[in-house]
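> A structural model of the following input is requested.
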Amino acid sequence: MSVSTQRFTPEFKEEAVKQVTERGYSVAEVAARLGVSSHSLYKWVKAVTPDNSEKQAAELIEAKSEILRLKAQLRRTEEERDILKKAARYFARESE
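Numbering: from 1, shown residues only. So this is what the prediction gives:
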């Protein structure tokens, strides 16, 4: 039993990918309807999907800087709270 490799035109591949990316159909559904393997369709989708690694790296850096900013703000807020607690104790003793 020989395995034949079926060739698909670029137009066919493009239309199959559009059904997944633009029309929202699942890869399994489109693959079954068109008679192609899910594996092939996943490869076609991946081939036209832009690499988001740079965007993800930028978002990661932005998230880390936001975390650092929020940690600094939390530290300042805790210091202010502690000062207010000490002042409240001081004035509570003074009024006795």
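
> who's in contact with stretch 31-47?
Residues outside stretch 31-47 that contact it (Cβ atoms under 8 Å, 6 or more residues apart in numbering): 6, 8, 12-13, 16-17, 20-21, 27-28, 30. Yep, even glycine has a C-beta here, placed from its N, CA and C like the rest.

> what's the farthest-apart pair in those residues?
Greatest spatial distance among the contacts of stretch 31-47 (Cβ to Cβ): Gln6 and Thr21, at 22.0 Å.

> Counting neighbours, go ahead and name the busier of the two.
The residue with more neighbours, out of Gln6 and Thr21, is Thr21; 12 against 8, by other Cβ atoms under 10 Å.

> any idea how the protein splits into domains?
Domain segmentation of the chain under automatic domain parsing yields 10-48, 51-96.

> I'd like those domains written out as a markdown table, with mean pLDDT added.
A markdown table is the format used below for those (pLDDT from 0 to 100):
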| stretch | mean pLDDT |
| --- | --- |
| domain 10-48 | 91 |
| domain 51-96 | 91 |
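
> out of those domains, deepest packed?
domain 10-48 (a mean of 14; mean count of other Cβ atoms under 10 Å).

> For this protein, which helix extends over the most residues?
helix 53-94 (DSSP state H).

> how far away is the residue most central in space within the chain from Glu78?
Centroid check for the chain by Cα atoms, centre = their mean gives Gln56 as the closest residue, at 7.4 Å. Noted for Gln56: a distance of 32 Å to Glu78, by Cβ to Cβ, to the nearest Å.

> Repeat that for Ala87.
Ala87 is 15 Å from Glu78, by Cβ to Cβ.

> same question, Ser37
In terms of Cβ to Cβ, Ser37 sits 58 Å off from Glu78.

> Same question for Ala57.
32 Å.

> tell me, how many neighbours does Arg7 end up with?
Count around Arg7 with other Cβ under 10 Å applied: 6.
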